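**Q** Dropping the sequence and predicted coords here.
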Amino acid sequence: MALTKNDIVARIHELGFTKKKSVETVESLLDIIKKSLQNGEDVLISGFGKFCVKQKKERRGRNPATGSDLTLRERKVVTFKCSGKLREKINGA
């Protein structure tokens, strides 16, 4: 089961913040991250990881349902690379 935005808000609320302040905090943080990525900036959160925007070139593809060839347009994608500390924590080291 995935951790949702509502779950994060609830956990911040448990720390003693009001529900409204918890929602505002989460929304503000996500807006900052979205705007930075939209501007092509990387987002580095020490001890957690790094979000990067990568440019993908136009390429040939195939529709798996019909088998017909198509061209996938040039686009930007967001990638995430976790930090060594997070990787160690996940692996129990």
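**A** In hand now; what should we look at?
**Q** from here on, contacts and neighbour counts on C-alpha atoms
**A** OK.
**Q** domains in this protein, as residue ranges please.
**A** Domain assignment for the chain by automatic domain parsing gives 1-39, 42-93.
**Q** ok, and what's touching stretch 13-25?
**A** 9-10, 12 (C-alpha atoms under 8 Å, 6 or more residues apart in numbering).
**Q** thinking again about what came up before, with mean pLDDT and mean neighbour count as added columns, please give the domains of the chain in TSV.
**A** TSV is the format used below for the domains of the chain (pLDDT from 0 to 100; neighbours: other C-alpha atoms under 10 Å):
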stretch	mean pLDDT	mean neighbour count
domain 1-39	96	13
domain 42-93	94	12
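**Q** right, and the helix or strand after the top helix by length along the chain?
**A** Ranked by number of residues, the top helix in the chain under DSSP state H is helix 19-38. Downstream of helix 19-38, the first helix or strand assigned by DSSP states H and E is strand 43-45.
**Q** Pairing partners for that next one, with directions?
**A** strand 49-56 (antiparallel) (DSSP bridges).
**Q** and the next element down the chain from the strand it pairs with?
**A** strand 59-62.
**Q** So residue 87, which state does it fall into?
**A** helix (DSSP: H, G, I helix; E, B strand; the rest coil).
**Q** got a list of what it touches?
**A** No contacts exist for residue 87 under C-alpha under 8 Å, 6+ apart.
**Q** so how far is residue 15 from it?
**A** According to C-alpha to C-alpha, to the nearest Å, residue 87 and residue 15 sit 26 Å apart.
**Q** Same check on residue 62?
**A** 49 Å.
**Q** Same check on residue 67?
**A** 53 Å.
**Q** ok, residue 46 touching residue 84?
**A** No: in this structure residue 46 lies outside contact range of residue 84 using C-alpha atoms under 8 Å: 9.9 Å.
**Q** which neighbours do these two share?
**A** By C-alpha under 8 Å, 6+ apart, no residue touches both residue 46 and residue 84.
**Q** Quick check: residue 12 vs residue 61, distance?
**A** Using C-alpha to C-alpha, one gets 44 Å for the distance from residue 12 to residue 61.
**Q** typed the wrong thing, it's residue 78
**A** 20 Å.
**Q** try residue 38
**A** With the distance defined as C-alpha to C-alpha, residue 38 ends up 26 Å from residue 61.
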